[in-house]
Every structure is written in C-alpha cells, then in structure tokens.
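Participant: next input, structure requested:
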Amino acid sequence: MTIDAPVPAPGAGVTFVMPVLNERDYLERAVQTVLQQEVHGPAELVLALGPSTDGTTELARRLADVDSRIRLVDNPRADIPVALNLAIRAARHPTIVRVDAHSELAPGYTRQALATLDRVRAANVGGVMRADGRTPFQRAVAIAYNSPVGLGGGAYHGGAPEGPAESAYLGVMRRTVLDEVGMFDETIRRGEDWELNLRIRQAGYRVWFDPQLAVTYWPRESWTRLARQFFATGTWRGELVRRFGRQNSLRFFAPPSLVLAVATSVVLGSLQLLGVVGGTASVILSVIHLPVALYVACVIGFGVIAGGSLRERSWLAAVLPTMHLAWGAGFLRGLVRGAKDTVDTSRLDRNTPLP
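Facilitator: Below you'll find the model as predicted:
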C-alpha cells in the first residue's frame, strides 16, 4: 500500500541543505543559484562545513555574513551523510531541498519540485542531472555522465518519463518522512541517497522522478580524481549489495563483469604469448577476448559519435574505461571485503587528513 506524504501548510517554507568540502571554485555560484530560487514562504540555506583546506570555509563565512538566509554548521567528520543530518537537524522548515556545492539549480527548480511533491503526494522528488564541463576533460566526463553508456541508464541521467523511481538525484524531501525513517545512515559514506530512498519506499511512501527538474553538475576536474571517485563509489555499491542483496538493480553488476572479462582476457593473452596455451586450444579459447574487443570498439565508436572537439573525443576514450573499470574494481573489493573505512578522496587535497 502506498502512503501519501503529508503536505505542509502553504508558505511553510523550505530549507536547502548543502554539504561542503574543498569547493572554493564552485561554492559561490552554487549558493547564488540556491538563493535565486523562487519560494512561496521563508527559505534558508544550511551549509555543513567539512574541514576544507582550500579557503572554502572562509568563503562560506563571507557569504553568510552578507545574507542572513545562510546558516553554517560544522561537520568535522567530513562525511556527506553526517553533513546532511547535521543540516537537516538545524533546519527550520518542513521541506528539505538537498543541494550540492558542485552543482547549480536551474531557475524554477524549487517551485516545480514543490508543485510535484504536492501533486503526487511524494516523500521525495528528484530530477535530471545535467553534467557540464569547463575543460575538454571535464566536458568528456560530462558527455559520459549524460549518457546511459557512462553511468548505466539511471532515470536521473535523462530519457526516463515522469513516475515512481528507485532513487532521486539530490532530492526535495518532506522532513516528517525523514524523521520517521531515521534520516541518512551515517555508516554509509557513498550511496547514502539510494539507501535512504530504499527505506522511504519500504515505509510505503513514493519516491518520484520529474524530468522537468534539472540540476547542472560539474564533474571531477582530473583523471586521478575521477578514478578515485569512481573506485570509492563502486566500493560502497559492493557494500550495499552485501547489505541489501536483491534490492540492488542488475545494472550495477555490469562494471564488475567488465573487470572480470578484462582480467580473464589479460591472463589468457599472457599465456598465449608465453606459449603455455597454443594450438587448437588457443584458437578456441580466443573467444574469451571477444567481449573486451567489442567493448573497446564501442568505446571508440561512442567517442567518435558523442564527442565534440578532437580533445574531447580523445579524453572520452580514457574517461569511459576509467569510470567503468574503477567502479567495477571498487565494487568487487566492496563485495568481497566490505567498504569498511573507504572514503572518496577526490575532493581532498594532499594536505587534508582523512577522517
């Protein structure tokens, strides 16, 4: 049975919550797009500040000094679910809008989300992640993000019709439901949104996808940061599979399958080159190389078709395997060993101590 989420009184207001860690280059614009949202009633933005080392905290304080709608809370542990819970507990209003310092809300985003929440009586509504880039590398990553080829075809990567969803990107949520289900699980450092939405759905509430909602997302700026991000994310997905089994979509198993196929192909190729496997057996076993060869051809073809400039196409040839193999390797690690204390270090500089 589906339960209708409560609808607050008109004009009850919204609280935007934003985890922040080493986002000096993105924070001010992200905050501007939040404060420019049209909201019927009071609004506030709660920034949960992690231990940044790039001047982000000082920037956040300057922004708060000139706009009373901005409030600050400290998040010494740096973890995103901890930051979100701290911000939500500090919230003064009954609707919570999750935002990301690496993102920008489209004009009318909040107004549309609130209307959808009221219309379908959902507990959480999310929209489309529209990745964008400022450099050829970042634009190549954005192309991969915006395609099912890159991230596996989740609804919020575009193309899906409006309707019930497994999860929601960022999300506009009813505070009463968050309190009921226990808010974010602070033991989950990545994939915390998926796990929260699983509990929301298990409690009988709707999680809803509205393609009219759009958020601009700025991907990681370098190859190493991208690889670290995807390895950590894959590791935590492996942990979530350990915890929740069949509740996970089958699409999550594609990257680890690719990793196993590549590893098997490399081992066989080495044995063939060394002459350990030869003759008829080598010819028959060479079929094992076929999935990897097809994957390479697909990557090259996608880069030619989807890429813009020559540099973007070249980066796509590196970006796609990085995303898939780093995520898949992380998944296998998390599945076998658990995520334990794995953190996403892609936003930490070399001088930032891990929590």
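Participant: tell me where the stretch 1-150 of the chain has strands.
Facilitator: Taking DSSP state E, counting those that start in this stretch as the criterion, the stretch 1-150 of the chain carries its strands at 14-20, 43-49, 70-74, 95-98, 103-105, 124-131.
Participant: run through who's touching the shortest one.
Facilitator: The contact list for strand 103-105, computed with C-beta atoms under 8 Å, 6 or more residues apart in numbering, reads 29-30, 33-34, 37, 99, 170, 215-218. All C-beta spots, glycine's among them, are computed from the backbone N, C-alpha and C.
Participant: okay, and which of the residues you listed map to helices?
Facilitator: Here DSSP state H is the test, and the contacts of strand 103-105 give 29-30, 33-34 as lying in helices.
Participant: from those, which is closest to residue 260?
Facilitator: When these are ranked by distance to residue 260 (C-beta to C-beta), residue 30 comes first, at 38.5 Å.
Participant: which parts of the top helix by length along the chain are buried?
Facilitator: With secondary structure taken from DSSP H, the chain has its longest helix at helix 310-337. Neighbour counts over helix 310-337 (16 or more other C-beta atoms under 10 Å) mark 312-313, 315-317, 319-320, 322-335 as buried.
Participant: phi, psi for the nearest residue to residue 12 once chain neighbours are set aside please.
Facilitator: With C-beta to C-beta, 6 or more residues apart in numbering as the criterion, residue 12 has its nearest non-adjacent residue at 5.1 Å, and that residue is residue 94. Here the main-chain torsion angles of residue 94 (degrees, to the nearest 10) amount to phi -80, psi -10.
Participant: now do residue 10
Facilitator: Backbone dihedrals for residue 10, given as degrees, to the nearest 10, come out at phi -50, psi 140.
Participant: what's the local residue count around the nearest residue to it once chain neighbours are set aside?
Facilitator: Counting by C-beta to C-beta, 6+ apart, residue 10 lies nearest to residue 40, which is 6.9 Å off, once chain neighbours are set aside. The local packing of residue 40 (other C-beta atoms under 10 Å) involves 13 other residues.
Participant: where does pLDDT dip in the stretch 51-200 of the chain?
Facilitator: Within the stretch 51-200 of the chain, the stretches with pLDDT under 70 are 152-159.
Participant: helices of that one, start to end?
Facilitator: Listed in chain order, the helices found in the stretch 51-200 of the chain under DSSP state H, counting those that start in this stretch are 56-66, 80-90, 109-120, 136-145, 148-151, 175-181, 192-202.
Participant: out of the ones you listed, which comes closest to residue 19?
Facilitator: The minimum distance between residue 19 and these falls on helix 80-90, with 3.6 Å, by C-beta to C-beta.
Participant: what helices and strands are in contact with the closest one?
Facilitator: Packing partners of helix 80-90 (3 or more C-beta pairs under 8 Å, 6 or more residues apart in numbering; DSSP states H and E): strand 14-20, strand 43-49, strand 70-74, helix 192-202.
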